[in-house]
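**Q** pasting the sequence and the predicted coordinates here, then a few questions.
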Amino acid sequence: MIVIAITGASGVIYGVELLKALKELNIETGLLISDPAKIVIKYELEDYDLDEIKSLAAHFFEANEIDSSINSGSFKFDSLVIIPCSMKTVSAIANGYASNSITRVADVALKERRDLVLVPRETPLRSAHLENMLRISKEGGIILPAMPAFYHNPESINDITDFIVGKVLDVLKIDNEMFKRWEKP
Ligand SMILES: Cc1cc2nc3c(=O)[nH]c(=O)nc-3n(C[C@H](O)[C@H](O)[C@H](O)COP(=O)(O)O)c2cc1C
């Protein structure tokens, strides 16, 4: 199972598009949405309601229900992708401050050496942000910033989100054709 966590950074559409791609690939997903992310969803995704997003995943867990099954180290999952990932959540993970189910599952991923992929969205970055990301990277977490390329000549927002979703699938070693790969003309 791949757990997707959406936190309150801008770019919640990335999380929704990743859920859609994994559903299309018939890959089982679990979903966590932080309380701040629910607010950002209201501002950024006028075309979606929360239930519609929840229905894209096979399993949904409340991020503030600290006694649900997903919080246990015994819960089976292969990978956790936090997309988008706020600087607050980056900081909590770097420092082992597991105050909600998202940071708790990230803690489990690092201590059990499972895949952890963070898609941070913030700019500019202060030293603490950079140091926190370095700390997570040194422990094996993958930092995959929401930083689209333009060599595939995107024509729509969808082309841009597909590029980031494709890069996430790439690091999870899931074959995909989400974006046109670079080939020398
Ligand atoms: C509209 C909106 C956009 C935001 N964008 C970002 C962002 O891009 N990056 C970030 O680190 N925080 C951003 N924030 C602030 C976070 O939501 C805030 O720090 C929150 O406490 C994060 O909590 P969470 O990581 O538990 O979701 C944004 C907040 C709002 C309301």
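**A** Ah, there it is. Numbering: from 1, shown residues only.

**Q** for burial, what's the neighbour tally of the closest residue to the ligand within the chain?
**A** Relative to the ligand, the nearest point of the chain is G8 (2.7 Å; Cβ to the nearest ligand atom). Any C-beta I mention is one placed from the backbone N, CA and C, and that applies to glycine too. When neighbours are counted by other Cβ atoms under 10 Å, G8 registers 19.

**Q** what's the end-to-end length of stretch 76-95?
**A** 23 Å (Cα to Cα, to the nearest Å).

**Q** now do the residue of the chain closest to the ligand, the pLDDT please.
**A** pLDDT recorded at G8 is 98.

**Q** quick one: it and C85 touch, right?
**A** No - at 9.7 Å, G8 does not count as touching C85 under the criterion of Cβ atoms under 8 Å.

**Q** pretty sure A92 sits in a strand.
**A** No - counting by DSSP: H, G, I helix; E, B strand; the rest coil, A92 is not found in a strand; it is helix.

**Q** residues near it, how many?
**A** If you count neighbours by other Cβ under 10 Å, A92 ends up with 21.

**Q** swap in N71?
**A** By other Cβ under 10 Å, neighbour count at N71 equals 18.

**Q** for the closest residue to it other than its chain neighbours, give me the pLDDT.
**A** Nearest residue to N71, sequence neighbours excluded (Cβ to Cβ, 6 or more residues apart in numbering): R104, at 5.0 Å. pLDDT for R104: 97.

**Q** now do P185
**A** On the pLDDT scale, P185 is placed at 88.

**Q** still on that earlier bit, would you list the phi and psi of the residue of the chain closest to the ligand?
**A** Phi and psi for G8, reported as degrees, to the nearest 10, are phi -80, psi 40.

**Q** which residues touch the residue lying closest to A94 once chain neighbours are set aside?
**A** Nearest residue to A94, sequence neighbours excluded (Cβ to Cβ, 6+ apart): N132, at 3.7 Å. Going by Cβ atoms under 8 Å, 6 or more residues apart in numbering, N132 touches M87, V90, S91, I93, A94, N95.

**Q** weed out the non-buried ones from those.
**A** Neighbour counting over the contacts of N132 (16 or more other Cβ atoms under 10 Å) leaves M87, V90, S91, I93, A94 as the buried ones.
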